[in-house]
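Visitor: no sequence on hand, only this structure:
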């Protein structure tokens with residue numbers, strides 16, 4: 001209630017999966033003793049940074065047959081490519097988005113080759129974000145939100161057609177489908193259009209004390225203009241943990 005981080009309340013999806021195995025992360029420890037989870041997530045990271053992250057983890061000897069790697073990347077790639085429009089046409093941007101997805105898929109295969117098992121979450125549908133709604137309002141009639149959805153689909157398609165499609169090594173959860181379903185009202189959220197965090201307190205500084213009036217992380221879809229709030233992490237974390245338990249890893 002004082003706005004301080006609490007790693008047992010409203011965890012992000014990787015914390016939810018790690019917690020299912022009794023693990024925590026040093027960056028946000030749970031309980032006492034060693035925190036066996038390792039994260040290389042970084043603000044603004046995209047496909048190129050995933051290559052660097054896998055390089056770093058491989059150099060540290062971090063991949064073997066007892067490692068479960070969790071991957072969610074691509075939103076920043078979609079936003080970066082969208083920033084090239086209209087100087088670069090939509091069809092070319094979709095091809096570039098698919099290539100980013102192939103890069104991500106290649107890194108998933110690389111982790112598998114190094115011995116790890118991998119759970120992959122598809123990138124959220126960026127065309128349904130508050131940012132996309134604002135772009136449609138700013139450029140009426142141009143279909144900007146649809147372009148963002150199309151770029152997301154192209155990137156996710158590149159990922160899904162590249163990584164090894166074998167449940168013994170890779171499990172898939174659907175970040176894009178969650179956002180689409182939540183927007184249609186499937187999860188009963190109270191607000192699926194607006195950011196819950198005040199503009200004056202952007203993530204990661206947004207807390208329970210810096211929400212817009214009436215907002216709650218459990219019942220609003222979006223934390224900010226791009227990133228989903230807690231229910232996304234709850235649903236995707238639960239799906240990922242189930243995949244990990246039920247797959248023949």
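Guide: Okay, I see it. Keep in mind that this is a model prediction, so the values were computed, not measured. Numbering: from 1, shown residues only.

Visitor: show me where pLDDT drops low in this structure?
Guide: Along the chain, segments meeting pLDDT under 70 span 1-5.

Visitor: ends of stretch 122-142, what's the gap?
Guide: End-to-end distance for stretch 122-142, by CA to CA, to the nearest Å: 26 Å.

Visitor: could you list the buried residues of it?
Guide: Applying a neighbour-count criterion of 16 or more other CB atoms under 10 Å, the buried positions in stretch 122-142 are 122-133, 135-136. C-beta: built from backbone N, CA, C; applies to glycine.

Visitor: quick one: it to chain centroid distance?
Guide: Here the centre of stretch 122-142 is set off from its chain's centre by 17 Å, with CA atoms, centre = their mean, to the nearest Å.

Visitor: repeat that for stretch 86-105.
Guide: For stretch 86-105, the distance to the chain centre is 18 Å (CA atoms, centre = their mean).

Visitor: what of stretch 235-247?
Guide: Centre to centre, stretch against its chain (CA atoms, centre = their mean), the figure for stretch 235-247 is 15 Å.

Visitor: then stretch 160-176?
Guide: 15 Å.

Visitor: same deal with stretch 39-48?
Guide: 10 Å.

Visitor: which one of the buried residues of stretch 122-142 is nearest residue 168?
Guide: residue 122 (19.9 Å; CB to CB).

Visitor: could you measure from the closest one over to residue 204?
Guide: Going from residue 122 to residue 204 by CB to CB, to the nearest Å gives 23 Å.

Visitor: and which of the buried residues of stretch 122-142 is nearest to residue 12?
Guide: Once CB to CB is applied, the member of these that ends up nearest residue 12 is residue 124, at 13.5 Å.

Visitor: secondary structure class for the closest one?
Guide: coil (DSSP: H, G, I helix; E, B strand; the rest coil).

Visitor: my read is that it contacts residue 152, right?
Guide: Yes - counting by CB atoms under 8 Å, residue 124 does reach residue 152; the two are 7.3 Å apart.

Visitor: overlap in contacts, those two.
Guide: residue 176 (CB atoms under 8 Å, 6 or more residues apart in numbering).
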